[in-house]
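# Give me the fold of what follows.
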Amino acid sequence: MTKTEQQSLEYIKERLSDREWRIDNLYHVKDKFGKVVKFIRNPSQRKFWMEMWFLNIILKDRQRGFSTLIAMFILDYCLFNSGTEAGIIDITLEDAQKKLAKISLAYEMLPDFIKEMYPVEVDNKKSIVWKNGSSVSVGTSHRGGTLQLLHISEMGKIAARFPERAREIRTGALNTLAPGNIIFNESTAEGNAGEFFDDCQEAKRKKDAGEGLTKLDYKFHFFAWWEGTENEIGPENVYISPDQDKYFRELEKELGFTLSERKKAWYAKKENQQKGDMKREYPGTPEEAFEAAIEGAYLSKALIKITKKGQITSIPLEHGIPVNTGWDYGLNDNMTIWLHQRVQFTERLIGYLEGSDDDVLYYWNKINRDYDCIWGYHFLPHDFGVRRGGTAKDHASPPKTLEKILREGGMRDTKIIPRIDDKRSAINEVKLWLPKAFIDKKGCDKGLSCLRNFRREWDEANACWKDRPKHDWAMHGYDGLETLVRGLNAYGTIVESQAGVQTRARAPLNWRTA
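Prediction:
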């Protein structure tokens with residue numbers, strides 16, 4: 001060993017007690033081009049490092065390097081804190097193993113004297129175990145034992161595709177850590193429902209309210225596309241579309257500062273590439289992340305289109321215009337009702353109601369109390385025409401249908417919409433109708449959440465989306481709208497004439513040119 005090498009070695013030994021120094025000087029990773037380089041925190045990683053808490057939930061955009069930073073943190077913690085047990089959970093075992101491979105590479109690149117200080121007993125695709133009693137293991141969930149460190153990656157996607165696994169992570173893996181231990185829960189957004197969404201909302205609420213955090217509270221971290229210096233290119237030869245220019249102006253107004261031309265240029269080119277997935281992969285605000293296109297969702301493109309056109313806004317009830325309803329009665333007595341008006345050939349969704357464990361008359365009475373209006377058609381799903389057990393008055397009377405119960409309760413102009421075997425055809429009918437609609441943002445908030453999250457079922461065996469809907473809470477809200485749309489297309493609407501006489505009008509083929 002040369003004198004220079006000896007001096008370098010002595011310098012490293014002197015700095016080993018300084019974790020800040022170790023993180024930026026001791027470890028190596030592969031960069032975006034596959035080259036092994038020294039790991040040095042970028043501005044976004046450093047910002048997160050300075051704001052880190054015990055429980056961290058990270059809503060992020062792509063390519064920030066948080067997984068790499070967390071991998072280096074886990075390695076460092078395991079080496080210099082004997083007896084540490086760490087876990088890594090990802091959407092697939094292969095993805096989790098890739099994160100473990102980062103730790104393995106960084107360890108192998110350490111100076112020999114450090115590896116001699118902290119020798120490895122086990123190093124395979126599922127775990128690394130050191131002789132100091134520390135270990136890190138990977139999987140798609142974790143239950144049993146205790147952990148001091150846990151990295152959960154892509155919880156948004158896990159919750160969307162595998163809600164039972166997400167629940168298992170919450171009830172199993174999270175309960176293996178005692179207060180004061182460390183969790184990194186990082187993901188891009190995937191819809192506005194599920195475990196990751198709920199945890200982000202609560203953590204963000206606490207942050208916005210300035211509430212103090214306990215060791216069992218998540219701290220909310222958000223990283224937008226415009227932060228740092230990673231997402232920039234030269235503006236030369238980059239075309240900014242009118243829609244993009246409008247987006248930049250609205251975002252600047254919300255943020256309170258001007259975006260650089262280099263950032264705008266990067267966003268414009270990236271959006272051209274990512275299309276409808278841009279706001280999910282590279283959000284500008286937390287709200288934007290959760291309102292963006294959802295992977296596997298049937299109505300994402302249509303909803304994005306009408307959102308950009310300002311069709312999700314404040315839509316008042318127009319008195320004197322009949323209100324139509326579309327109903328669905330699903331599993332576990334889940335009831336959904338959409339309320340609709342056609343005003344001057346425009347389709348308007350003015351309200352949405354959902355609930356469970358109440359009979360149909362409860363919902364009919366509720367909308368009668370809540371809406372002072374003239375009723376039009378009430379479009380009911382096919383099972384409202386089926387006699388239901390337990391509804392007969394006595395042994396001599398036949399059971400009643402839900403339609404009959406509603407009609408006895410005062411409902412008029414009911415239309416049973418037949419069952420359709422080809423669900424894809426019905427979904428396409430809704431897709432074609434939705435761009436015509438103006439939707440009340442407040443009154444239909446829960447219904448909009450259903451429409452955004454109505455998606456295909458995930459095929460885990462083949463790692464693709466199946467050609468059939470996922471039967472969950474979102475499907476019930478969608479089915480009510482499907483009943484409404486198919487009813488409107490089949491029967492039109494009731495129009496109140498000036499003389500006060502009800503007449504029927506079929507829906508125009510194209511309301512924009514009618």
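
# Please list all residues in contact with the residue nearest to residue 66 when sequence neighbours are not counted.
Among residues not flanking residue 66 along the chain, residue 186 sits closest, at 5.3 Å (Cβ to Cβ, 6 or more residues apart in numbering). Every residue, glycine included, has its C-beta placed from N, CA and C. The contact partners of residue 186, taken as Cβ atoms under 8 Å, 6 or more residues apart in numbering, are 56-58, 60, 66-67, 70, 151-155.

# Can you spell out the domain ranges of the chain, please?
Per automatic domain parsing, the structural domains of the chain span 3-222, 235-291, 312-505.

# Distance to residue 229 added to those domains, as JSON lines?
Putting those into JSON lines (distance: least, Cβ to Cβ, whole Å) gives the following:
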{"stretch": "domain 3-222", "distance to residue 229": "6"}
{"stretch": "domain 235-291", "distance to residue 229": "9"}
{"stretch": "domain 312-505", "distance to residue 229": "33"}
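
# among these, which is nearest residue 300?
Closest approach to residue 300 among these is made by domain 235-291 (6.2 Å; Cβ to Cβ).

# wait, residue 185 sits on residue 57?
Yes. Contact criterion Cβ atoms under 8 Å: residue 185 and residue 57 qualify, at 4.6 Å.

# Are there residues contacting both of these two? Which ones?
Common neighbours of residue 185 and residue 57, counting by Cβ under 8 Å, 6+ apart, are 196, 199, 218.

# Can you tell me which of the residues you listed has the largest number of neighbours?
Among these, the one with the most neighbours (other Cβ atoms under 10 Å) is residue 196, at 27 neighbours.

# Pass me the low-pLDDT residue ranges in the stretch 101-250 of the chain, would you?
Within the stretch 101-250 of the chain, the segments meeting pLDDT under 70 span 144.

# Strands of that one, start to end?
Remark: strands assigned in the stretch 101-250 of the chain by DSSP state E, counting those that start in this stretch are 120-123, 127-130, 135-139, 147-153, 177-187, 218-222.

# helices or strands next to the third one in the packing?
Put plainly, it is strand 135-139. Secondary-structure packing of strand 135-139 (3 or more Cβ pairs under 8 Å, 6 or more residues apart in numbering; DSSP states H and E): helix 66-80, strand 85-89, helix 93-108, strand 127-130.

# In this structure, which helix is the longest?
For the chain, the longest helix by residue count, based on DSSP state H, is helix 473-491.

# Check which residues of that one are buried.
Within helix 473-491, the residues that qualify as buried are 473-488, 491, counting by 16 or more other Cβ atoms under 10 Å.

# Relative to the whole chain's centre, how far out is that helix?
Its chain's C-alpha centre and that of helix 473-491 lie 23 Å apart, by Cα atoms, centre = their mean, to the nearest Å.

# Make sure residue 118 is actually in contact with residue 135.
No. Counting by Cβ under 8 Å, residue 118 does not reach residue 135; the two are 12.0 Å apart.

# Just give the closest residue to residue 339, not the sequence neighbours.
Spatially, and ignoring its direct neighbours in sequence, residue 339 is nearest to residue 351 (3.8 Å; Cβ to Cβ, 6+ apart).

# Now that neighbour. Its backbone dihedrals?
Dihedral pair for residue 351: phi -170, psi 160, per degrees, to the nearest 10.

# now swap in residue 492 and tell me
Residue 492 adopts backbone torsions of phi 80, psi -150, taken as degrees, to the nearest 10.

# so which of the domains of the chain gets nearest residue 302?
Among those, the nearest to residue 302 by Cβ to Cβ is domain 312-505 (4.3 Å).
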